[in-house]
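Trainee: Here's my sequence, what's the structure:
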Amino acid sequence: MAYATTEPMALITRAELEEMIRRAAHAAAAETAKILSGSANNDQLWDAEEVGRYLNVAASTVRNRWAYRPGFPEARIMGKGPKAMRRWIPEDIRKWAEMQKRSI
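Mentor: Here you go, the predicted model:
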């Protein structure tokens, strides 16, 4: 079945597709290794997206639920008002996660 389209189509070879997939997988593995080893953004604060990625939960869960739990690491508030940014110290998140594992 042919589809009518006004968009130009770019065709790639199987080898090109496999190379693209290989590169994406390599980049994802390297980023995951950095996060798990603690070397990713070691000197920077984490936003809810990074905290969520480390804890394997959605950023919205971090922002809307976990950030308000007693015992969860306190966020550093940057700015004022409803658009203030919340950031966490990575080491605080790692320690909290380790404590959660021990309490199971």
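
Trainee: which residues of this protein fall in strands?
Mentor: 76-78, 85-87 (DSSP state E).

Trainee: Residues contacting the last one, please?
Mentor: In this case it means strand 85-87. Contact with strand 85-87 is made by 45, 46, 47, 48, 63, 67, 75, 76, 77, 78, 79, as judged by C-beta atoms under 8 Å, 6 or more residues apart in numbering. Heads up, the C-betas are built off the backbone N, CA and C, glycines and all.

Trainee: do that again at 6 Å, thanks
Mentor: Strand 85-87 has contacts (C-beta atoms under 6 Å, 6 or more residues apart in numbering) with 45, 47, 75, 76, 78, 79.

Trainee: pLDDT of it, averaged?
Mentor: Average pLDDT, strand 85-87: 94.

Trainee: So which bits of that strand are buried?
Mentor: Using 16 or more other C-beta atoms under 10 Å as the test for burial, strand 85-87 gives 86, 87.

Trainee: Same check on stretch 91-102?
Mentor: 92, 93, 96.

Trainee: Okay, now the unreliable bits of this structure?
Mentor: 1-5, 33-43, 104 (pLDDT under 70).
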